[in-house]
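Novice: Below: sequence and its predicted model.
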Amino acid sequence: MKIRKITATPINLRLDAPYLWVFGELDGFSPTIVEVETDEGLTGLGEAPTPAAARIITENLAPALIGRDVFDIAGAEHVSLPFWTGVQSINDRTRIMAFGAIEMALWDLRGKAWNLPLYQLLGGAIRKDIPFTDYFSLRGDGAVKGEKTPEEVADYCVKLHETHGTTFFEGKFSTEDPKMSLKMVELIRKRLGDAVMIRIDSNQAYSLATARQLARPLEDLGVRNWEDPVATLDEMRELRRHCAIPFSTHNVDFARAVDLRVPDAIVSNPTVLGGIGRFVRFVGACEHAGIDYWCYSGDSGIGSAAYLHLCAALAWIREPNQSLFRMQMDDVIEEGPFAPKNNTVRVPEGPGLGVTLSKGKLATLHNDFNVKGPCNKYHDRKNPGTYRRLPLC
């Protein structure tokens, strides 16, 4: 079976209300959806978490891969990323993510050709119900009215608990005045008690001095994990002397993490690591080093389905993955958006990723991208009317 065509389509996935964080306001994400078609009529699906991947795939990777054996994933990587150490050392990982989306689609094709779900190709499932957090944040107004105060955020979390059985929460802790974020966590803990899990994400918002001041009250509130509390891993190592809360980061510099003995967990995405094969090896290295791993949020149902299968097959991914599912307005798959019930989402049982691309939704979300530009840029609240490109979060 040969690769006949590769299509890369950037789309907008809008949130029902923009959330507020250190960068300003975020109203959604703009991934690239990849379709790999074969000469036997099968189509595999993949996703990269950046619209910039579309051009790299169309102009560079697709021409090199057309006509190649669908099952030769290692050969496809060698053609696309011939010197891995070189591409891994650069700051812009877009080419890695672009290939990772194609590689995901090749795994989807393998499952479809052999009529097996991805988790079976990876050795079988040790769990079928995959844990996810629900997300909270101060939010602006969009399709729905956002939560403007810590009290409204706490009300939102209580509603999630009562309606969907949510007891795993993660939220933005990155306001310019950290007292407001601290108040949010205090109220959630007060309203829902000690049994709920609360993780927070500061997106490198705070100086080391400020993070030190926040450490004790956050410890007293029983925070389960603090993601990127400071700007660098070196500062994180220094903060460890003053804080017992486990740290996580989106920085995938594994060698540096082992050397500094921080963070306690890495939070990323299969395509950021170069695809499903490299993801499995990365998680295995994390297990060997005693570093936890879970997946971040913001993907469509295609990327999210990959998370589900990987978490079903890999025992080391023990903590809940992040989820913005309930805030997403639409999806490119007919089955989406996914939504946790009692903290979990069931892994799809169909062949490959087990999800179906909706051509109509793909066209609509691609048109939104073309007309309005990418979502993944943030509104600078200090300079109204200006927008800046968003770093991967």
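Specialist: That came in fine, so what should we check first?
Novice: contacting residues around residue 140?
Specialist: Applying Cβ atoms under 8 Å, 6 or more residues apart in numbering to residue 140 gives the contacts 17-20, 25, 146. Heads up, the C-betas are built off the backbone N, CA and C, glycines and all.
Novice: can you list those residues in a markdown table and add secondary structure and distance to residue 66?
Specialist: As requested, the contacts of residue 140 are arranged in a markdown table below (DSSP: H, G, I helix; E, B strand; the rest coil; distance: Cβ to Cβ, whole Å):
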| residue | secondary structure | distance to residue 66 |
| --- | --- | --- |
| 17 | strand | 42 |
| 18 | strand | 40 |
| 19 | strand | 40 |
| 20 | strand | 44 |
| 25 | strand | 41 |
| 146 | coil | 45 |
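Novice: Just the closest of the residues you listed to residue 337, please.
Specialist: Set against residue 337, the nearest of those by Cβ to Cβ is residue 17 (15.0 Å).
Novice: List the residues that contact the residue lying closest to residue 132 once chain neighbours are set aside.
Specialist: Nearest non-adjacent residue to residue 132, counting by Cβ to Cβ, 6 or more residues apart in numbering: residue 323, 3.9 Å away. By Cβ under 8 Å, 6+ apart, the contact set of residue 323 is 132-135, 297, 338, 340, 345.
Novice: now with 6 Å?
Specialist: Going by Cβ atoms under 6 Å, 6 or more residues apart in numbering, residue 323 touches 132-133, 297, 340.
Novice: Quick check: it vs residue 94, distance?
Specialist: To residue 94, residue 323 is 25 Å away according to Cβ to Cβ, to the nearest Å.
Novice: mind putting the contacts of residue 323 in CSV, neighbour count and distance to residue 160 included?
Specialist: Output for the contacts of residue 323, formatted as CSV (neighbours: other Cβ atoms under 10 Å; distance: Cβ to Cβ, whole Å):
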residue, neighbour count, distance to residue 160
132, 29, 12
133, 25, 10
297, 23, 15
340, 24, 9
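Novice: Need the max-distance pair from those.
Specialist: Longest span within these, Cβ to Cβ: 297 and 340, 11.5 Å.
Novice: ends of stretch 140-153, how far apart?
Specialist: Terminal residues of stretch 140-153 lie 12 Å apart, using Cα to Cα, to the nearest Å.
Novice: Which parts of that stretch count as buried, going by neighbours?
Specialist: 140, 142, 146-147, 150, 152-153 (16 or more other Cβ atoms under 10 Å).
Novice: before we move on, what about stretch 6-22?
Specialist: So, applying 16+ other Cβ under 10 Å, buried residues of stretch 6-22: 6-22.
Novice: Would you mind pulling the contact partners of it?
Specialist: Residues outside stretch 6-22 that contact it (Cβ under 6 Å, 6+ apart) are 25-30, 32-36, 51, 54, 57-58, 62, 137-140, 142-144, 146, 172, 174, 203, 205, 300, 327-329, 365-366, 368-369, 375.
Novice: picking that back up, restricted to strands, list the contacts of residue 323.
Specialist: With strands defined by DSSP state E, no entry of the contacts of residue 323 lies inside them.
Novice: Run through the strands of the stretch 1-150 of the chain in chain order.
Specialist: In the stretch 1-150 of the chain, the strands defined using DSSP state E, counting those that start in this stretch lie at 3-10, 13-21, 24-29, 32-38, 43-48, 129-131, 134-136.
Novice: can I get these in JSON lines with distance to residue 233?
Specialist: Output for the strands of the stretch 1-150 of the chain, formatted as JSON lines (distance: least, Cβ to Cβ, whole Å):
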{"stretch": "strand 3-10", "distance to residue 233": "31"}
{"stretch": "strand 13-21", "distance to residue 233": "20"}
{"stretch": "strand 24-29", "distance to residue 233": "24"}
{"stretch": "strand 32-38", "distance to residue 233": "29"}
{"stretch": "strand 43-48", "distance to residue 233": "25"}
{"stretch": "strand 129-131", "distance to residue 233": "27"}
{"stretch": "strand 134-136", "distance to residue 233": "25"}
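Novice: Could you export those as CSV, including mean pLDDT and distance to residue 351?
Specialist: Formatted as CSV, the strands of the stretch 1-150 of the chain follow (pLDDT from 0 to 100; distance: least, Cβ to Cβ, whole Å):
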stretch, mean pLDDT, distance to residue 351
strand 3-10, 98, 18
strand 13-21, 93, 25
strand 24-29, 91, 27
strand 32-38, 98, 14
strand 43-48, 98, 11
strand 129-131, 98, 18
strand 134-136, 97, 30
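Novice: what sits up against the helix or strand hosting residue 370?
Specialist: Residue 370 is part of helix 359-372, with elements assigned from DSSP states H and E. By Cβ under 6 Å, 6+ apart, the surrounding residues in contact with helix 359-372 are 9-12, 332.
Novice: the longest helix in the chain is where?
Specialist: helix 94-114 (DSSP state H).
Novice: what about dumping the CA coordinates of that one to CSV?
Specialist: Extracted C-alpha coordinates of helix 94-114, given in CSV (Å, rounded to 0.1, in the frame of the first residue of the first chain):
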residue,chain,number,x,y,z
THR,A,94,7.6,23.1,13.6
ARG,A,95,9.2,20.6,11.3
ILE,A,96,9.2,17.9,14.0
MET,A,97,5.5,18.6,14.7
ALA,A,98,4.7,18.6,11.0
PHE,A,99,6.2,15.1,10.6
GLY,A,100,4.7,14.0,13.8
ALA,A,101,1.2,14.7,12.4
ILE,A,102,2.0,12.6,9.3
GLU,A,103,3.4,9.8,11.5
MET,A,104,0.2,9.9,13.5
ALA,A,105,-1.8,9.5,10.3
LEU,A,106,0.4,6.5,9.2
TRP,A,107,-0.4,4.8,12.5
ASP,A,108,-4.0,5.5,11.9
LEU,A,109,-3.7,3.9,8.5
ARG,A,110,-1.9,0.8,10.0
GLY,A,111,-4.9,0.3,12.3
LYS,A,112,-7.4,0.7,9.6
ALA,A,113,-5.6,-1.7,7.2
TRP,A,114,-5.4,-4.3,10.0
